[in-house]
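**Q** no FASTA, just this:
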């Protein structure tokens, strides 16, 4: 009888996944690939919630001698279990993890960082007590030491005494640096210099690793979400091989379309319940322009499948709210005025021409290519390989688009405190649209409480794009529709497509074509009529496109805004 696999949402312990009937997508072939590299010290950047911690747990269980007796149970039916390498179960793995470091001031940081290093070594001693029988004695000696360098040398001397080599694994290597960015541009940069540059404990940590790589350390694997610290560590730790955008490691984390199909079968998910385009929602990540397969974010797809199973096909939340914790970092990044304009350009044009920079310092984070590269590493952008002639970056999927649109709404609120966003009223008017097919209350609210409160200065360079940005920022608040901007069809791109969600009894989907006429032209009736006719003509083309042809559940609306005070609508 086939066993239904459990969905390992947010789980990062490889042994738990393998022994408690959770699903595991086999990525162990990359262990063999890593061992065949010319270098032994590797560095990998991937977005948050992309499976980094789980992969490090796989490395731990594969190489550490304390797991030797479990090897067949954990790896027997996996690729690496059937193609084992000579170093399996033959090293001491030392794990370091640098999230949760106190970055409030330099003194607190130094104490917190040293405490994290010491705590990791204490954990190493406890985990290996079956081998290091006098671990308590070593533990007492450790607390008599006073700095990061001594902590590391002490741990490596213990490993050497067993005639073994060390595999050093570092997770969230850059977490505290990202926290400093989120703390504010100047404060973060000044703190960063004092904590990472020459003479700092961070530099001592990596210099000690480099020194011991000549003797006891055989392998190092480092992960994070940004390359900011890599540039500043190169003089103290210039031995790592950056795998982040190499084609052969595109699939080391994340799931291909074929792997997602296997997951659905292994979890016995009824495919008929999947009524949404999950590729559009969660797929699209590419880490090398020549790579063949685009990838799903593992946490996103597990969230969706868990919702699907828990609610018997009625997915209430398409977007995993845990992914939105990047808001703070994004907010600080775009506190720079130029970056706000760059972000607007991205949202309006859907992609930008930018070069991916492999490493750069915090000092230059606002440079054009560095800024967009940082968004790429954070998972907010991905490679657009649709054109062979130039490198472009685009928003990878609908989930990330919602983050951008919601953030644009936050920007508009901050820049225009007079804007009145009454969420309950917005939801009420959207329910009237969804259930009563009446769009007038929503557009009336938008016109009277949003557009009317914009200053004349704001309206100077206002356009249809600005209208759409504001509308989408509000529409994304509703769970009744999936708002889609610039939906491609055989006859062009719809301004706004409101796709209904299957769990609510919404009667119709909507296609809106937007036009805007400046206040100065509000009396030009011929211009208004021209814009109306242009909008209606476009809607008629969309209606006859291959995507919408013969659909009886879609309505088409021409919306022409005239300055701040008038809105003309006509259904086609």
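**A** Yes, it's here. Everything numeric in this text was worked out from a predicted model, so none of it was measured. Residues are numbered from 1 along each chain as shown.

**Q** count of residues packed around residue 422?
**A** 11 (other Cβ atoms under 10 Å). All C-beta spots, glycine's among them, are computed from the backbone N, C-alpha and C.

**Q** what's near enough to touch it?
**A** 445, 449 (Cβ atoms under 8 Å, 6 or more residues apart in numbering).

**Q** and stretch 339-349, how far from the chain's centre?
**A** Here stretch 339-349 is found 18 Å from its chain centre; the criterion is Cα atoms, centre = their mean, to the nearest Å.

**Q** my bad, stretch 130-144
**A** When distances are taken as Cα atoms, centre = their mean, stretch 130-144 is centred 40 Å away from the chain's centroid.

**Q** in that stretch, which residues are buried?
**A** Residues of stretch 130-144 classed as buried by neighbour count (16 or more other Cβ atoms under 10 Å): 132, 135, 138, 142.

**Q** now do the third one against residue 157, distance only.
**A** Read it as residue 138. Distance of residue 138 to residue 157, computed by Cβ to Cβ, to the nearest Å: 10 Å.

**Q** okay, now the closest residue to residue 121 other than its chain neighbours: neighbour count?
**A** Closest residue to residue 121 apart from its sequence neighbours, by Cβ to Cβ, 6 or more residues apart in numbering: residue 155 at 4.7 Å. Counted with other Cβ under 10 Å, residues neighbouring residue 155 total 25.

**Q** mind telling me what element residue 155 is part of?
**A** helix 148-161 (DSSP states H and E).

**Q** and the next helix or strand past that helix?
**A** With elements assigned by DSSP H and E, the helix or strand that comes after helix 148-161 is strand 165-171.

**Q** I'd assumed residue 115 was in a helix, is it?
**A** Yes: going by DSSP: H, G, I helix; E, B strand; the rest coil, the assignment for residue 115 places it inside a helix.

**Q** how confident was the prediction at it?
**A** Residue 115 is assigned a predicted lDDT (pLDDT) of 95.

**Q** burial of residue 354, as a residue count?
**A** Neighbours of residue 354 (other Cβ under 10 Å): 21.

**Q** surely it touches residue 369?
**A** Yes: with contacts counted by Cβ atoms under 8 Å, residue 354 reaches residue 369, the gap being 5.3 Å.

**Q** flag the shaky bits of this protein, pLDDT-wise.
**A** 1, 181-189, 198, 234-236, 324-337, 388-390, 409-421, 458 (pLDDT under 70).

**Q** from the centre of it outward, give me the first residue you hit.
**A** residue 379 (3.7 Å; Cα atoms, centre = their mean).

**Q** any idea which helix or strand carries that residue?
**A** Residue 379 belongs to no helix or strand, assigned by DSSP H and E.

**Q** return the residues in contact with it.
**A** 46, 47, 48, 50, 225, 285, 297, 396, 400.

**Q** do residue 295 as well
**A** Residues near residue 295 by Cβ under 8 Å, 6+ apart: 250, 251, 253, 254, 255, 256, 283, 284, 285, 286, 287.

**Q** are any of those residues buried, and which?
**A** So, by 16+ other Cβ under 10 Å, the buried ones in the contacts of residue 295 are 250, 251, 253, 254, 255, 256, 283, 284, 285, 286, 287.

**Q** closest to residue 193 out of the contacts of residue 379?
**A** residue 225 (20.7 Å; Cβ to Cβ).

**Q** can you count the residues close to that closest one?
**A** Neighbours around residue 225, by other Cβ under 10 Å: 23.

**Q** surely it and residue 46 touch.
**A** Yes: Residue 225 lies in contact with residue 46 (Cβ under 8 Å); the separation is 7.0 Å.

**Q** show me how the chain divides into domains.
**A** 26-225, 417-572 (automatic domain parsing).

**Q** in TSV: these, plus distance to residue 243.
**A** TSV is the format used below for these (distance: least, Cβ to Cβ, whole Å):
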stretch	distance to residue 243
domain 26-225	5
domain 417-572	34
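
**Q** for residue 268, the count of nearby residues, please.
**A** Residue 268 is flanked by 11 other residues according to other Cβ under 10 Å.

**Q** now the helices for the stretch 1-150 of the chain?
**A** Taking DSSP state H, counting those that start in this stretch, the helices of the stretch 1-150 of the chain run over residues 14-19, 29-35, 52-63, 71-75, 79-82, 106-127, 135-142, 148-161.

**Q** looking at these, which is nearest to residue 487?
**A** Nearest of the helices of the stretch 1-150 of the chain (Cβ to Cβ): helix 52-63, 33.5 Å.

**Q** can you give the contact residues for that closest one?
**A** Under the criterion Cβ under 8 Å, 6+ apart, residues 11-15, 17, 27-28, 30-31, 44, 46, 67, 70, 74-75, 80, 87-91, 93, 95, 167, 169, 171, 219, 221, 223, 252-253 lie in contact with helix 52-63.

**Q** 6 Å instead, please
**A** 12-15, 31, 46, 67, 74, 91, 93, 167, 169, 171, 223 (Cβ atoms under 6 Å, 6 or more residues apart in numbering).

**Q** does residue 540 sit in a helix, a strand or a coil?
**A** Residue 540 ends up helix, using three-state DSSP.

**Q** meant to ask about residue 503, not that
**A** Here residue 503 is coil, with the state taken from three-state DSSP.

**Q** pretty sure it contacts residue 314?
**A** Yes: here residue 503 reaches residue 314: they are 4.2 Å apart, a contact under Cβ atoms under 6 Å.

**Q** residue contacts, residue 269?
**A** Residues counted as contacts of residue 269 (Cβ under 6 Å, 6+ apart) are residue 305.

**Q** in ChimeraX, select just the buried ones from the contacts of residue 379.
**A** Entered in ChimeraX, the line below selects the buried ones among the contacts of residue 379, by 16+ other Cβ under 10 Å:
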select :46,47,48,50,225,285,297,396,400
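
**Q** a markdown table for the contacts of residue 379, including distance to residue 310?
**A** What follows is the contacts of residue 379, written out as a markdown table (distance: Cβ to Cβ, whole Å):
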| residue | distance to residue 310 |
| --- | --- |
| 46 | 27 |
| 47 | 25 |
| 48 | 23 |
| 50 | 23 |
| 225 | 29 |
| 285 | 25 |
| 297 | 19 |
| 396 | 26 |
| 400 | 24 |
